[in-house]
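Q: Sharing a model prediction with you, sequence too.
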Number of protein chains: 2
Amino acid sequence: MFDKVGIVGVGLIGGSIALSLKKKNLAKHILGYDKNEINLDKAMNLGIIDEKSNLNGVSNADFVVVSTPVSVISNYVIDILSLNRKTVVVDVGSVKKSIVDKVLRYFGESVNYIPMHPIAGTENFGPDAAFNSLFEGAYCIVTPYSGISESLLSFGRKFAESLGMTVKVMSPDLHDEVFGYVSHLPHVIAYTLVHLVSNKSEEFRFVGGGFRDYTRVSASSENMWSDIFLKNKDNVLKAISEYVNQLNEFADLIKCENKDQLVEYLKQARIFKRILDG
Amino acid sequence: MFDKVGIVGVGLIGGSIALSLKKKNLAKHILGYDKNEINLDKAMNLGIIDEKSNLNGVSNADFVVVSTPVSVISNYVIDILSLNRKTVVVDVGSVKKSIVDKVLRYFGESVNYIPMHPIAGTENFGPDAAFNSLFEGAYCIVTPYSGISESLLSFGRKFAESLGMTVKVMSPDLHDEVFGYVSHLPHVIAYTLVHLVSNKSEEFRFVGGGFRDYTRVSASSENMWSDIFLKNKDNVLKAISEYVNQLNEFADLIKCENKDQLVEYLKQARIFKRILDG
């Protein structure tokens, strides 16, 4: 598929994209760049990339994936496309609207840029965490801007599908709202729940039962997630606020000791959970 | 170990205790009783119990396990011990203090009663969900009351260990407080998170990523959990209230856009999570 691919940010996501492209023989040569030189060396030693490069180098690839923390994605996309308007740049960040807006403000609509968000990951991070089947069976949300060309969009779709993903299309706005609730809020829940328990005595350090599930993602990268919370600030704050209201309403159900209402609330959740699971 | 064991409540927990005792050849004959006749028939047909019985019948066993929803546990314990003061009754409910208090108010301290809480379960329920390895490797919290005899306590410990569990001892009070935070609150979180998303449009029904982990337990039995929330009302309300404060403080960190503080908060959680996991 590609002669030369550039990967900017060779962590869990960028590294796994490189390894997946290699496994599927979709890239002849992979150039990597990472601000963190230790990680770049690791990616080279692990065989994730074929060559350590810089922004100039990766901008000469046919295709560049930007997979850094979201706070710096738009800068990298702009730098690379400024160096070479002919390459195609894909950004795979977990927040879309602010990045898309910034890139479009810079270039206008006629730019070889495709924003997407592969819904895949683990709580581990860095090049060591990368693996070549991370995207198999996952969804990938492609978030086109008005004015994106059909051919560019179809290219982005094919790229995601070639990694084993099913593509869903959403506007950047809707993407950020939806993932504010179904991904960023659950991460807020994990982090705050761990903090709540960390303030308690040793007896509370009891991770039996469901607690482990709830706190798994609190082992994620603080650099990645602080960026996501700040870049999707309005949606995350709205989700937290609505969630606090839900918790307070639920506390009221317990306070009133109205068992029938409580049973009904829990039953509705059980039934809706079945719908969610398909 | 036992000639005759009685199981009151032949669902996931009671059924799994019966199957575990059978697998380990610890019970010659298992009598079952359940208010729900369909479940009692199921337990018989699945080979979980050897005989369908009633309260009179099970009270003649050497050893009786009460594994019903927590709202009715104390009544069953009292009824069985009133019929036969010589049998030993174990209650395996997820809430301890109110049950222990009620049984002790009735009998005083000199009673063959052992309260415990096996930290094991799945989101499935009913006799069909029972299996013979549910307790292997789990913790069991034994919650002695003042005045419980050493021999009774040691008997309870041996019973839990014989099912493959590691015993921890806590007062009923502390148990209810700890599990209010580390088990009941996570269930509140799951139920309320599912409700929050169920009020949104179809686009929000996106269970990729961590969302599935967070909502798994919302498939649990509403009868069991409404009872737990009500029986442990004060602790659950305190946990929800402190948790809401944590969420509001976290929202403030995002509002201020103080990235360093936010990174530090997330990092602390990641490090504490590692301590929790051991």
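A: That came in fine, so what should we check first?
Q: Show me which residues of the stretch 1-150 of chain A sit near chain B.
A: The stretch 1-150 of chain A has residues A:119, A:121, A:138-139 near chain B, with proximity defined as CB under 8 Å from any CB of the partner chain. For every residue, glycine as well, the C-beta is placed using N, CA and C.
Q: and the least confident of those?
A: Across the residues of the stretch 1-150 of chain A next to chain B, the bottom pLDDT score, 84, is held by residue A:121.
Q: Test my guess that that residue contacts residue A:11.
A: No. Applying CB atoms under 8 Å, one finds residue A:121 not in contact with residue A:11, separated by 10.1 Å.
Q: out of those two, which sits in the more crowded spot?
A: Shown here are residue A:121 and residue A:11; by other CB atoms under 10 Å in any protein chain shown, residue A:11 has more neighbours (26 against 23).
Q: so what pLDDT did that one get?
A: With respect to pLDDT, residue A:11 scores 96.
Q: I figured it was touching residue A:67, is that so?
A: Yes. Between residue A:11 and residue A:67 there is a contact under CB under 8 Å: 6.8 Å.
Q: quick one: buried residues of stretch A:223-240?
A: For stretch A:223-240, the buried set under the neighbour-count rule, 16 or more other CB atoms under 10 Å in any protein chain shown, comprises A:223-233, A:235-240.
Q: From one end of that stretch to the other, what's the distance?
A: One end of stretch A:223-240 sits 20 Å from the other (CA to CA, to the nearest Å).
Q: Can you pull out the residues in contact with that stretch?
A: Where contact means CB atoms under 8 Å, 6 or more residues apart in numbering or on different chains, the residues beyond stretch A:223-240 that reach it are A:69-71, A:93-95, A:98-99, A:125, A:176-177, A:179-181, A:184-185, A:187-188, A:191, B:196, B:247-248, B:250-251, B:254-255, B:257, B:259, B:262-263, B:266.
Q: How about stretch A:44-63?
A: A:2-8, A:10, A:15, A:18-19, A:29-33, A:40-41, A:43, A:64, A:76, A:79-81, A:83-84, A:87-90, A:127-128, A:130, A:159.
Q: Ok, stretch A:23-38 next?
A: Contacts to stretch A:23-38, defined as CB under 8 Å, 6+ apart, come from residues A:1-11, A:14, A:18, A:20-22, A:40, A:43-44, A:48-55, A:57-58, A:61, A:68, A:132-133, A:162-163.
Q: And for stretch A:131-138?
A: With CB under 8 Å, 6+ apart, stretch A:131-138 has contacts from A:12-13, A:16-17, A:19-20, A:22-23, A:118-122, A:160, A:163-166, B:208.
Q: residues of that stretch that come out buried?
A: Neighbour-count burial for stretch A:131-138, counted by 16+ other CB under 10 Å, picks out A:132, A:134-135, A:138.
Q: from the chain's centre, how far out does the helix or strand hosting residue A:241 sit?
A: Using DSSP states H and E, the element containing residue A:241 is helix A:233-256. Its chain's average C-alpha position is 25 Å from that of helix A:233-256, according to CA atoms, centre = their mean, to the nearest Å.
Q: ok, now stretch A:165-181?
A: 11 Å.
Q: Start and end of that stretch, how far apart?
A: For stretch A:165-181, the first and last residues are 22 Å from each other (CA to CA).
Q: By mean pLDDT, which helix or strand of chain A comes out lowest?
A: helix A:211-215 (a mean of 76; mean pLDDT, DSSP states H and E).
Q: tell me the angle the helix or strand following it makes with helix B:233-256.
A: As assigned by DSSP H and E, the chain's next helix or strand after helix A:211-215 is helix A:222-231. Orientation note: helix A:222-231 sits at an angle of 80 degrees relative to helix B:233-256 (axes from the mean of the first three to the mean of the last three CA atoms, to 10 degrees).
Q: State the number of residues packed around the residue of the stretch 51-200 of chain A found nearest chain B.
A: At 3.7 Å from chain B, residue A:119 is the closest residue in the stretch 51-200 of chain A, using CB to the nearest CB. As a burial measure, residue A:119 scores 21 neighbours (other CB under 10 Å).
Q: can you list the domain ranges for chain A.
A: Per automatic domain parsing, the structural domains of chain A span A:2-170, A:175-277.
Q: Among those, which comes closest to residue B:275?
A: Shortest distance between residue B:275 and those, using CB to CB, is found for domain A:175-277: 7.1 Å.
Q: name the helices or strands packed onto the least confident helix or strand of chain A?
A: Other helices and strands packing on helix A:211-215, by 3 or more CB pairs under 8 Å, 6 or more residues apart in numbering or on different chains; DSSP states H and E, are helix A:185-198, helix B:185-198, helix B:211-215, helix B:259-277.
Q: Identify the residue nearest residue A:111 in space, chain neighbours excluded?
A: In space, and not counting its chain neighbours, residue A:111 is closest to residue A:81: 6.1 Å by CB to CB, 6 or more residues apart in numbering or on different chains.
Q: Help me confirm that that neighbour comes into contact with residue A:114.
A: No. Judged on CB under 8 Å, residue A:81 makes no contact with residue A:114 at a distance of 11.6 Å.
Q: Now do residue A:207, the pLDDT please.
A: Looking at residue A:207, its pLDDT is 62.
Q: returning to that earlier point: pretty sure the residue of the stretch 51-200 of chain A closest to chain B sits against residue A:142.
A: No. Assessed by CB under 8 Å, residue A:119 is found out of contact with residue A:142, at 11.5 Å.
Q: Which residue comes closest to the residue nearest the centre of chain A once chain neighbours are left out?
A: What sits nearest the mean C-alpha location of chain A, by CA atoms, centre = their mean, is residue A:94, with 3.3 Å. Excluding its sequence neighbours, the residue lying closest to residue A:94 (CB to CB, 6+ apart) is residue A:228, at 5.1 Å.
Q: Could you say which helix or strand holds residue A:4?
A: strand A:2-8.
Q: Can you list the buried residues in that strand?
A: The neighbour-count check on strand A:2-8 (16+ other CB under 10 Å) flags A:2, A:4-8 as buried.
Q: Next secondary structure after it?
A: If you walk from strand A:2-8 toward the C-terminus, the next helix or strand you reach (DSSP H and E) is helix A:12-23.
Q: Just the CA trace of that next one, in PDB.
A: These are the backbone C-alpha positions of helix A:12-23, laid out as PDB (Å, rounded to 0.1, in the frame of the first residue of the first chain):
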ATOM      1  CA  LEU A  12       1.000   2.500  22.300                       C
ATOM      2  CA  ILE A  13      -1.100   3.700  19.400                       C
ATOM      3  CA  GLY A  14       1.500   4.900  17.000                       C
ATOM      4  CA  GLY A  15       3.700   1.800  17.700                       C
ATOM      5  CA  SER A  16       0.700  -0.500  17.200                       C
ATOM      6  CA  ILE A  17      -0.200   1.200  13.900                       C
ATOM      7  CA  ALA A  18       3.400   0.600  12.700                       C
ATOM      8  CA  LEU A  19       3.400  -3.000  13.800                       C
ATOM      9  CA  SER A  20       0.000  -3.600  12.200                       C
ATOM     10  CA  LEU A  21       1.100  -2.100   8.900                       C
ATOM     11  CA  LYS A  22       4.200  -4.300   9.000                       C
ATOM     12  CA  LYS A  23       2.300  -7.500   9.800                       C
END
